[in-house]
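Peer 1: Predicted structure and sequence below. I'll ask about it afterward.
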Amino acid sequence: MTFAPDITEQLARARADLRMGVPVVLKGHPSALVMAAETLTAARFADLLALGGAPVLAVTARRAQTLKAHVYDKDLARLLIPEDATPAWVQSIADPADDLRVPLKGPFTCQRDGKADLHRAAIQLAKDARLLPAVLVLELADGSAFAAQHCLTEIDLPTAMTALLHASELHPVVSARLPMEFSEAGRLHIFRPEDGGEEHYAIEIGRPDRAKPVLARLHSACFTGDVLGSLKCDCGPQLRSALAQMGEAGQGVLLYLNQEGRGIGLANKMRAYSLQDQGFDTVEANHRLGFEDDERDFRIGSDILKSMGFSSVRLLTNNPRKVAMMETSGIRVEERVPLKVGENAHNRGYLATKAAKSGHLL
Ligand SMILES: Nc1nc2c(ncn2[C@@H]2O[C@H](COP(=O)(O)OP(=O)(O)OP(=O)(O)O)[C@@H](O)[C@H]2O)c(=O)[nH]1
Ligand SMILES: [Zn+2]
């Protein structure tokens, strides 16, 4: 019998720690102390430097490209921290907000020797915590002793890598009748992932025949578009049009996936919006922040559909990636139903960029 948290639970703790600015220890060969750049405090930075050694700031290759830093590790760069570095320096490397005002941040010296596995896992943890993907990493001679001494969460690296790659299992929590504007025959289902991440929702309209392809939509959360009626994207009109079509057909299922900002979280999406106001498009903004264009995992959608008993869909989308990911994860897409609504003067450029750079169908 053990009450000790397993690797999934430890990772959930580690994400919460990083969000709070608490360091975590990654146990490998060697082990390392990890802190998220975004939540770094002056006191903890001073403590880190006082430990001696050579801490590095790991950023993604996307961010390194903007910084003109050498990428020796394929998908990331390990920047040496200059002796006179301050928390503001760390912040300016992690956050592109003032890149245009202070364009020349380097030159940087990047670490070339040694492995980057710890740094890769640490960046993934920061992304999963919806923080900027930049982390301070300091090798430790004895990670376990350090973690015990400072009461820090300690994660075993090889086990963590496997867990980080697996999509977390989702469990139905509850469902209840929900009469809506678009259909009185609505039902809202809540699904909770095992990894302590965000819950996702399914809105079932009518009682669709499980043996037939169901009219379905995978809708990623967009607080600004869905709730505030933002004109910068087409999410709100898409959400309402999908529900209206399902209401008219008397059946359908809309998955509302809490993957705000194509999986980077609302704070980072607002950082991207701020970069867009500086002239970058939606894809460039994500890259400057250090993210890929799209950080979503659509396996969540197919897992929910399967658990509700569906095996094929008529998918309301303009995004071929959604179709491909449904099919590779075991849901047959019988038909792609285009969903083009809500174009306006503010989102025309955004929609054109998605078509030109992300393969969205016009
Ligand atoms: N990072 C980022 N996310 C954005 C931006 N504008 C909108 N989003 C997010 O993009 C996602 C859009 O989701 P969806 O409408 O489901 O997906 P889609 O890829 O556009 O595909 P379809 O609408 O199905 O054609 C939501 O999570 C929004 O929050 C942006 O400029 N930057
Ligand atoms: Zn939107």
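Peer 2: That came in fine, so what should we check first? Keep in mind that this is a model prediction, so the values were computed, not measured. Ligands and ions are numbered 1, 2, ... in the order given.
Peer 1: What is the burial count for the residue in the stretch 51-200 of the chain that ligand 1 sits nearest to?
Peer 2: Here the stretch 51-200 of the chain gets closest to ligand 1 at one residue, Arg130, 11.7 Å apart by C-beta to the nearest ligand atom. Yep, even glycine has a C-beta here, placed from its N, CA and C like the rest. Neighbour count for Arg130, taken as other C-beta atoms under 10 Å: 22.
Peer 1: Also Lys232?
Peer 2: Neighbours of Lys232 (other C-beta under 10 Å): 17.
Peer 1: ok, it touching Arg348?
Peer 2: No: counting by C-beta atoms under 8 Å, Lys232 stays clear of Arg348, with 10.6 Å between them.
Peer 1: Excluding chain neighbours, what is closest to Gly263?
Peer 2: Leaving aside its sequence neighbours, Gly263 sits nearest to Glu295 (C-beta to C-beta, 6 or more residues apart in numbering; 3.4 Å).
Peer 1: for Val313, that is, sorry about that
Peer 2: In space, Val313 is closest to Ala216, 4.0 Å off (C-beta to C-beta, 6+ apart).
Peer 1: Quick check: bridge partners of Val34?
Peer 2: Residues in a beta bridge with Val34, per DSSP bridges, are Val24, Val137.
Peer 1: hmm, back to that, show me what contacts the residue nearest to Val313?
Peer 2: Residues near Ala216 by C-beta atoms under 8 Å, 6 or more residues apart in numbering: 252-255, 305, 310, 313-316.
Peer 1: Could you do Gln278 as well?
Peer 2: By C-beta under 8 Å, 6+ apart, the contact list for Gln278 reads Leu100.
Peer 1: Contacts (any at all) between ligand 1 and stretch 235-246?
Peer 2: Yes: with C-beta under 6 Å from any ligand atom as the measure, stretch 235-246 is seen reaching ligand 1 through 235, 238.
Peer 1: For that stretch, give the mean pLDDT please.
Peer 2: Average pLDDT, stretch 235-246: 98.
Peer 1: Return that stretch as PDB; C-alpha atoms alone will do.
Peer 2: Taking Å, rounded to 0.1, in the frame of the first residue of the first chain, the C-alpha atoms of stretch 235-246 are listed here in PDB:
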ATOM      1  CA  CYS A 235     -14.900  31.500 -32.800                       C
ATOM      2  CA  GLY A 236     -18.100  33.100 -31.400                       C
ATOM      3  CA  PRO A 237     -20.100  32.900 -34.700                       C
ATOM      4  CA  GLN A 238     -18.700  29.300 -35.300                       C
ATOM      5  CA  LEU A 239     -19.800  28.200 -31.900                       C
ATOM      6  CA  ARG A 240     -23.300  29.600 -32.300                       C
ATOM      7  CA  SER A 241     -23.600  28.400 -35.900                       C
ATOM      8  CA  ALA A 242     -22.600  24.900 -35.000                       C
ATOM      9  CA  LEU A 243     -25.100  24.700 -32.200                       C
ATOM     10  CA  ALA A 244     -27.800  26.200 -34.400                       C
ATOM     11  CA  GLN A 245     -27.200  23.600 -37.100                       C
ATOM     12  CA  MET A 246     -27.400  20.800 -34.500                       C
END
